[in-house]
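Student: structure of the sequence below:
(one chain, ligands or ions: 1)
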Amino acid sequence: MPALRPDSFPTRRIAFRPRFLRLASDWHFDRHHGADPENFLAAFPPLPEDPQTLLLVAGDSARRGWLNGEPGQRWLRSLSSRFGAAALCLGNNEAWDGSADFLRHPLSESAALFRSAADPFPNVFCLEGEILELANCAVAASALWSDYRGSPSLLREELLREASPERFLAGLESPGLPLEPEPTPRRLQHENRLARDMLLSDRWGSGKIRIALTHFPPHPASWPVRDPLDPAFLQILARASSDLGPALADSGIRFWLHGHSHHVCDWPAGSCRVASNPFASSTCLCGSCRFDPLWRAALD
Ligand SMILES: [Fe+2]
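Tutor: Numbers count the residues shown, from 1 in each chain. Modelled structure (predicted):
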C-alpha cells in the first residue's frame, strides 16, 4: 500500500473528457467462468461499446493474479478498445489467492500486482489508494476495507443501540446470533483509515466532478436488509461495509460507486449519489435485484 500523506495523493492524469460513466463490479470471472477461458468474454458483451464513456469497475473482477494472466489481459484489452477509459479498484478478491488465509500475501504486494495488470493499456487503470484525474472529473479509488470488523457481540450491541427499546430488549433475550467474524479483523483497520483520509479529503479533484470508486460500500444503507436484528443482516455487516455517516453527504463527492454487496443500489446521501451495479447480483440476499448492463450516468 502506498504511504498516503494528507497533502499529496498519488495521481495519474489523462486528457480524456468522458461524457458518461458506466458502472459494473463483482464479475468473479475466475469463479464463474474459469473452467472455460472463452466463457468470461460471454459475460462482457452486454455492456455496449461506448468510446465517450469512462467505465468504472468496483472490484472483485477475479482473484489475485487473474488479471495478470492471459484471460485477464484479454479482458482488459477488450475494456481498452470498447471504452474511452476504464478504471478498476482493488477488491477483496484481487488480494486473495483462494487459500484459507485470505490475506496470506501482503496487501502492498497484491496492490502492486493489480496495478501492473493494466500497464500494457494506456487508457486502463488498476488503482489502489490513488487518484485518476481526467479533463472534467477525478476518480479517487481504493478498496476501502470494511470497518465493521469488531467482535460479533460488540457489533450486535452497536447495532442494537440504534434500534427501538423494544427491539433492543428482544435482542438481548434472543439466543446468540450466528455471526462469523472475519479471520483478520484488525489487520485492515489501518488501510481503512488511510482510504478514508484520502477519499474524504478535499485535496483532490479540485474544480472537477469528484467520483469515489471503492469496493466496499461506504455505508450500511447500501445493503438490502435493514432490520438490525435480522441475523443475515448482522452477518453481512460483520464483513461488509464502512459507515462514513454524515461525512458521506458532506464530502463534495458527486458519485460514490462501489461493489462487494452483490446488491444493486442507487440512493442519495445528500448531494452524493451512492450506487452499485454488480454483475453478481443473481446471488444477492434480496433475491430480486438485477445487474443493469445499460447503467449510465451523464457527466455535465
Ligand atoms: Fe468483495
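Student: quick check: what element follows the lowest-mean-pLDDT helix or strand in the chain along the chain?
Tutor: For the chain, the helix or strand with the lowest mean confidence is helix 165-173, at a mean of 50 (criterion: mean pLDDT, DSSP states H and E). Using DSSP states H and E, the next helix or strand after helix 165-173 towards the C-terminus is helix 189-199.
Student: ok, and what's touching that next one?
Tutor: Helix 189-199 is contacted by residues 1, 4, 6, 9, 107, 129, 131, 140, 142-147, 149, 204, 212, 214, 218, 242, 244, 251, 253 when judged by CB atoms under 8 Å, 6 or more residues apart in numbering. From N, CA and C alone the C-beta is placed, and that goes for glycine too.
Student: just stretch 287-295 next, same as before
Tutor: With contact meaning CB under 8 Å, 6+ apart, stretch 287-295 is reached by 22-24, 46-48, 224, 263-265, 275, 277-282.
Student: kindly give a single PyMOL line that selects the buried subset of these.
Tutor: To isolate the buried ones among the contacts of stretch 287-295 in PyMOL, judged by 16 or more other CB atoms under 10 Å, type:
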select buried, resi 22+23+24+47+224+263+264+265+275+277+278+279+280+281
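Student: in strands only, show me the contacts of stretch 287-295.
Tutor: Under the assignment DSSP state E, the contacts of stretch 287-295 contribute Arg22, Leu23, Ala24, Cys265, Ala275 to strands.
Student: out of those, which touch the ion?
Tutor: Subset of the ones in strands among the contacts of stretch 287-295 in contact with the ion: empty, counting by CB under 5 Å from the ion.
Student: in space, what's closest to the residue in the stretch 101-250 of the chain positioned nearest to the ion - neighbours in sequence excluded?
Tutor: Nearest to the ion, among the residues of the stretch 101-250 of the chain, is His215, at 5.7 Å (CB to the ion). Computed as CB to CB, 6 or more residues apart in numbering, the closest residue to His215 that is not its neighbour in sequence is Gly59, at 3.1 Å.
Student: tell me who's in contact with that neighbour.
Tutor: So Gly59 contacts 25-26, 88-94, 143, 214-215, 259-260 (CB under 8 Å, 6+ apart).
Student: so what's Pro268 bridging to?
Tutor: Under DSSP bridges, the beta-bridge partners of Pro268 are Arg273.
Student: against the ion, how distant is it?
Tutor: Look at Pro268 and the ion: by CB to the ion, to the nearest Å, they are 24 Å apart.
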